[in-house]
Structure formats: structure tokens, C-alpha cells
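how would this look folded up:
(2 chains)
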There are 2 protein chains.
Amino acid sequence: MNPQEAGIGEGISEVIVTTKSAAGKPNAAPIGIISEITEQSERSYFVTLYKGSQTLANVLATGRLAANVTSDAVLFVETAFDDLPRECFTDFAGLPVLREANAWIIFTSELVEERQEYLRFQLRSAAVKIDQTEVKAINRGLNAVIEATVLATRLRIATEKRERQELRQELERCAAIVAKCGGTRENQALAILREKVF
Amino acid sequence: MNPQEAGIGEGISEVIVTTKSAAGKPNAAPIGIISEITEQSERSYFVTLYKGSQTLANVLATGRLAANVTSDAVLFVETAFDDLPRECFTDFAGLPVLREANAWIIFTSELVEERQEYLRFQLRSAAVKIDQTEVKAINRGLNAVIEATVLATRLRIATEKRERQELRQELERCAAIVAKCGGTRENQALAILREKVF
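Predicted structure coming up:
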């Protein structure tokens, strides 16, 4: 099985990346896995990890990460701002993964680029497990939660007044879409996000 | 099988609605199916159809519509602005449906509300078919195509200068997300959208 069958499509796939520290402590954070098509029509996978993040520290310590494929809005928001309790994790191929995810892909990492703010790694699939497949219509509320999480992460570090104002405006636009189109999970996720940053 | 198992979740599910005219001509358009939870914890389904649309004319003529569940970006953009060729359709329970969809739900419709601009129908599931299930990570590029399609539809009827300017700005924000996060299908979809309205 390859990452594509487990839901990692072309472009950037938004997943929850789980890792463990050298001491074995699990971590989870929403991160994009980049999938590019090579000249030989093969898939290459990459990830950009920001300096100062726990995910980067763990990947440097262990050389591995797990991509957890899920469409649960609450998981994205929670892992963006908080540590998950231990009971959310289980073990797959020696790494902590999320019980609730639909699929897990274990990647090994190779440092390919260093920039001032981030490191870029090439990823190679080491193990894949699909727990459940489904059919699911697009929900604009779910999408808006993901956008709002991205915006909220930026708002947390933005200092300039005008930028903060624009981010807040965009956040309110997302919130209106969640209220109109989302289900229970999307509205729960937005409520958590509002507590954190709005 | 119920609509929920076929991907119609709580909130508004963005699907391609297919219908046929009294003369049997198929039509396809991207439309949201509204799913509400009743006080008895059951699901109720509704749809809002705008006056002047072919979908409304067909639903009034036949009393039925099909919800086609798909996450193909190009299908959303194409059906928003153009007629699909006959070969895109097949037949399910007497209605035209999209060959490429992951699931089909046939609904019967009952008019429950009339407003100046639209009619609202309650929907009842008459037949369900799941063609394929999958696991698929969230792609912000796909989401941005859906948002861009909604914005483009509004831009087509907007007359006020300031509103048109704002819609164009939001469209460019979506286009940037598609370019960054989308795969081939999302970029194809955006190219079609650009031709139509940008």
C-alpha cells in the first residue's frame, strides 16, 4: 500500500502529524504533507517543519513521523493549540498515532533543505494502515474550520495592527461559513478556536 | 442504506444535483443539501432552489432529484457554468446521475416554503447507491475551488462596483490557495473558472 491509497493526494494534504520525543512523549500537530510528481511520474513526499516546534525536535530526534488522515474538525483545532491526552494515542509500527484517524502513514525523514525559519525533509513511506474508508460530501463548514485554524495560528504570532485586523476579518468570514454550513463537530471546533484566539 | 452512509452529513453537503426535464433532458448543477437533526433525533433533508434555475424547473416537473457525491473539483466548476455532455450521465432509478460520482442518492421533493427568490423543498430518500468509498486527506486547494465557485456565481450577478471588487479580491485569495495546495484537478478547475469569470 502507498500513501496515495491512504489519502495523501497530489498537492498538500492536511493531516495530523504525530511524533514522539527521544524520551517517548507523544505529540500531535496539524501539518501539510506535500506530494509532488517527479519527472519519472513517481510521487515524492516532503514536509516543512518550523524551527521551535515540538514536531521538528521530535523528527530530528527519531527520524520519523506519522501522518494521521482524518476529517474531524475538532482534532485539527485541538492539536493546533493543545497537547492531546495520552488516551487519544495508540501505537503503530513504534510511533504514536491517533486512534480516531481513518488511516496512518509512517514516514522516515531525510533533511533536504535548511532555511532561516524552517527545515524541509523528504519523506519515505515505511508503513501504511487504512482503518476505514468512507464516502463523504464536501462540507464548506469543515473547510472553513481548517482555514480558520491556519488564520488563527498566524494571528497568534502577528504583531502588526493592520495584519491582525485583516486576519480577524477573515476569521469572521470563516466563522459565518461554519455557522451556516457546518455540523456539530465543526461548530464545536469553532467554539474551541474562539476561546483560543478570536 | 440512508443518505448519511452515502456521504450526506450534518449541516450543508455540497453535491452535484442532477435532474431531468419533462422531456427527459439531463441537467447537473452544484447545490447544497441541508441536513438537520429533528427533536426526535432523526435527520431531515432540505434543498433551496432559486427561481429561474433549470434544477428548479425540473424538480417542479418531475418531483425528484439526485444528489451525486463527489470531491472532483472540475465537476463542481463545470456544472456551475456549463451543460455536461450526455456521456457524463448514466441512469439510476430513472434519473440521470453522474458516472464519476462516488455515491448517488435519489430524493423525492415536497414544496415547504416559497420566497421571492427561491423555493424550499423537504427531501425524502428514495434510493441510495454507493459506488466507491475512499480515505482522503483534506486538501485546502479543493476547498478553495469550492469557495471560488460560490464567489464566481455571485460575481456573475453582482452589479455594484464595490461588491464586485471585494468578490474579485476573495477570488484571488482562493486562487493563491489552489496554486499552493491543489493538485492537477484543482488547478484545472481554477483555469476553467478563470476563463468564465475572473
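
Which single helix of chain A contains the most residues?
helix A:161-181 (DSSP state H).

same for it, what does it pack against?
Counting contacts by 3 or more Cβ pairs under 8 Å, 6 or more residues apart in numbering or on different chains; DSSP states H and E, helix A:161-181 is packed against helix A:140-157, helix A:184-196, strand B:11-20. C-beta: built from backbone N, CA, C; applies to glycine.

Which stretch among the ones you listed is buried most, on average?
Of all the helices and strands packed on helix A:161-181, strand B:11-20 carries the top mean neighbour count, a mean of 25, counting by mean count of other Cβ atoms under 10 Å in any protein chain shown.

so does that strand get close to chain A?
Yes. Using Cβ under 8 Å from any Cβ of the partner chain, strand B:11-20 reaches chain A at B:Gly11, B:Ile12, B:Ser13, B:Glu14, B:Val15.

ok, A:Cys58 touching A:Ala29?
Not Cys; residue A:58 is Asn. No. In terms of Cβ atoms under 8 Å, A:Asn58 does not count as a neighbour of A:Ala29; the distance is 9.8 Å.

Of all the helices and strands packed on helix A:161-181, which one comes closest to B:Leu142?
helix A:140-157 (8.2 Å; Cβ to Cβ).

Show me what counts as buried in the longest helix of chain A.
For helix A:161-181, the neighbour count (16 or more other Cβ atoms under 10 Å in any protein chain shown) marks A:Leu167, A:Arg168, A:Glu170, A:Leu171, A:Arg173, A:Cys174, A:Ala175, A:Ile177, A:Val178, A:Cys181 as buried.

circling back: would you turn the helices and strands packed on helix A:161-181 into CSV with mean pLDDT and distance to A:Ala6?
CSV is the format used below for the helices and strands packed on helix A:161-181 (pLDDT from 0 to 100; distance: least, Cβ to Cβ, whole Å):
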stretch, mean pLDDT, distance to A:Ala6
helix A:140-157, 95, 19
helix A:184-196, 95, 22
strand B:11-20, 98, 24
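
who wins for proximity to A:Gln4 among those?
That would be helix A:140-157 among the helices and strands packed on helix A:161-181, by Cβ to Cβ, at 20.6 Å.

how about the CA coordinates for the closest one, as PDB?
C-alpha atoms of helix A:140-157 as PDB (Å, rounded to 0.1, in the frame of the first residue of the first chain):
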ATOM      1  CA  ARG A 140     -17.800  24.100   3.500                       C
ATOM      2  CA  GLY A 141     -18.100  24.400   7.200                       C
ATOM      3  CA  LEU A 142     -15.300  21.800   7.700                       C
ATOM      4  CA  ASN A 143     -13.200  23.600   5.100                       C
ATOM      5  CA  ALA A 144     -13.800  26.900   6.900                       C
ATOM      6  CA  VAL A 145     -12.600  25.400  10.200                       C
ATOM      7  CA  ILE A 146      -9.300  24.400   8.500                       C
ATOM      8  CA  GLU A 147      -8.900  27.900   7.100                       C
ATOM      9  CA  ALA A 148      -9.700  29.400  10.400                       C
ATOM     10  CA  THR A 149      -7.100  27.200  12.100                       C
ATOM     11  CA  VAL A 150      -4.500  28.400   9.700                       C
ATOM     12  CA  LEU A 151      -5.500  32.000  10.200                       C
ATOM     13  CA  ALA A 152      -5.600  31.600  14.000                       C
ATOM     14  CA  THR A 153      -2.100  30.200  14.000                       C
ATOM     15  CA  ARG A 154      -1.000  33.300  12.100                       C
ATOM     16  CA  LEU A 155      -2.900  35.700  14.400                       C
ATOM     17  CA  ARG A 156      -1.100  34.200  17.400                       C
ATOM     18  CA  ILE A 157       2.300  35.400  16.100                       C
END
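
Show the contacting residues for A:Gly63.
Residues near A:Gly63 by Cβ atoms under 8 Å, 6 or more residues apart in numbering or on different chains: A:Thr108, A:Ser109.

How many residues are close by the closest residue to A:Ile16 other than its chain neighbours?
Counting by Cβ to Cβ, 6 or more residues apart in numbering or on different chains, A:Ile16 lies nearest to A:Asn68, which is 4.3 Å off, once chain neighbours are set aside. Look at A:Asn68: counted by other Cβ atoms under 10 Å in any protein chain shown, it has 29 neighbours.

cool, the one 5 residues further on as well?
A:Ala73: 30 surrounding residues under other Cβ under 10 Å.

Quick check on it: phi, psi?
phi -60, psi -40 (degrees, to the nearest 10).

Make sure it is actually in contact with A:Gly182.
Yes. A:Ala73 is within contact range of A:Gly182, at 7.4 Å (criterion: Cβ under 8 Å).

where do the contact lists of those two overlap?
With Cβ under 8 Å, 6+ apart as the test, A:Ala73 and A:Gly182 both reach A:Gly141, A:Leu142, A:Val145.

Would you convert those residues into JSON lines that also reports distance to B:Glu39?
Output for the shared contacts of A:Ala73 and A:Gly182, formatted as JSON lines (distance: Cβ to Cβ, whole Å):
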{"residue": "A:Gly141", "distance to B:Glu39": "22"}
{"residue": "A:Leu142", "distance to B:Glu39": "25"}
{"residue": "A:Val145", "distance to B:Glu39": "26"}
